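Asker: have a look; sequence and predicted model below, questions after that.
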Amino acid sequence: MFAAGILPSIIITGLFFGLIALWAHRNPEAMPTGESFTLKEKLSSLKSLIGFLVLFVFMLWGILSGFFSPSEGGAVGAAGALLIMIVRGKMTPKVIWGCLKDSAKTTCMIFLIIVGANYFGTMLAMTRMPAMLASALVSPDVPAFAVIWIIVVVYLILGTAIDSLPVVVILTPIFMPIVQAMGWDPIWFGIITLMCMFIGLITPPTGIPVYIMSGMTGVPLMKSFKGCLPFLILLILTLALFMYFPRLSTWLPSLVV
């Protein structure tokens, strides 16, 4: 899954760059203005990124080579970031306390979601709902492309109203039997799921990152959501691209495994 997300991420990033460049060319006054810097000053400012770049490359190598698992890679990344903070003299009691509080909040939220999802999954297993839903969708009367679009629409609708993690944890036990029955690649389906959650992050009424950016920048919320609209359209088109060309998601994992 980690390897499968690399190529789609590069594609999405490139498309975003292209969209911003086109937007700036057609509507320059909409772009933020600021102090200009020389090429030498820009290159000099990159020195502060060397430590994090080395850490990122090391984590990427370790995960892809199997030296450590993705979960262990998170621990390595946290330890490396702590080391960089110590070397730069940024480690203060206030900073450490803030990190611990944020980590505790996130951990408690994730564990509560997992506990609730486990109970929900048990209920689904007892009612045999996933199996019945899979049997209803996987039939000669329902084309394969219609099934995947139904699943995507469900993910998109719930992703706009619920946070990403609960949606993935709750819906995966329901849709995974369908994926297996249809003979689809689970890795490809995982990328499709992540794309749906990505779209849900910038669509109202939830759109938590948009709320955060609106609060940090002082830009009105509706204006922030309006600014996300071109990127939302581009993401939906990219989602369709990944749906009809699974090789974009499975090519790199086939080389790694």
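Answerer: Structure received. Numbering: from 1, shown residues only.

Asker: where along this protein do the helices fall?
Answerer: Counting by DSSP state H, the chain has these helices, from start to end: 6-26, 39-45, 50-65, 70-87, 93-127, 129-137, 144-161, 164-182, 186-200, 208-217, 221-244, 247-256.

Asker: can I get those helices in TSV including mean neighbour count and distance to Thr33?
Answerer: (C-beta placed from N, C-alpha, C; glycine too.) Converted to TSV, the helices of the chain look like this (neighbours: other Cβ atoms under 10 Å; distance: least, Cβ to Cβ, whole Å):
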stretch	mean neighbour count	distance to Thr33
helix 6-26	13	11
helix 39-45	9	17
helix 50-65	14	28
helix 70-87	13	32
helix 93-127	11	32
helix 129-137	15	52
helix 144-161	16	33
helix 164-182	18	34
helix 186-200	20	29
helix 208-217	13	14
helix 221-244	15	16
helix 247-256	16	37
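
Asker: for this structure, where's the lowest mean pLDDT among helices and strands?
Answerer: Within the chain, no helix or strand scores below helix 129-137, which has a mean of 63 by mean pLDDT, DSSP states H and E.

Asker: looking at the helices of the chain, which has the lowest confidence?
Answerer: Among the helices of the chain, helix 129-137 carries the lowest mean pLDDT, a mean of 63.

Asker: check contacts around the closest residue to Ala81 other than its chain neighbours.
Answerer: Nearest residue to Ala81, sequence neighbours excluded (Cβ to Cβ, 6 or more residues apart in numbering): Leu55, at 6.9 Å. Leu55 is in contact with 77, 80-81, 84, counting by Cβ atoms under 8 Å, 6 or more residues apart in numbering.

Asker: how is the protein carved up into domains?
Answerer: The chain breaks down into these domains under automatic domain parsing: 46-91, 92-127, 129-257.

Asker: got JSON lines for these, with distance to Arg26 too?
Answerer: JSON lines is the format used below for the domains of the chain (distance: least, Cβ to Cβ, whole Å):
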{"stretch": "domain 46-91", "distance to Arg26": "30"}
{"stretch": "domain 92-127", "distance to Arg26": "40"}
{"stretch": "domain 129-257", "distance to Arg26": "11"}
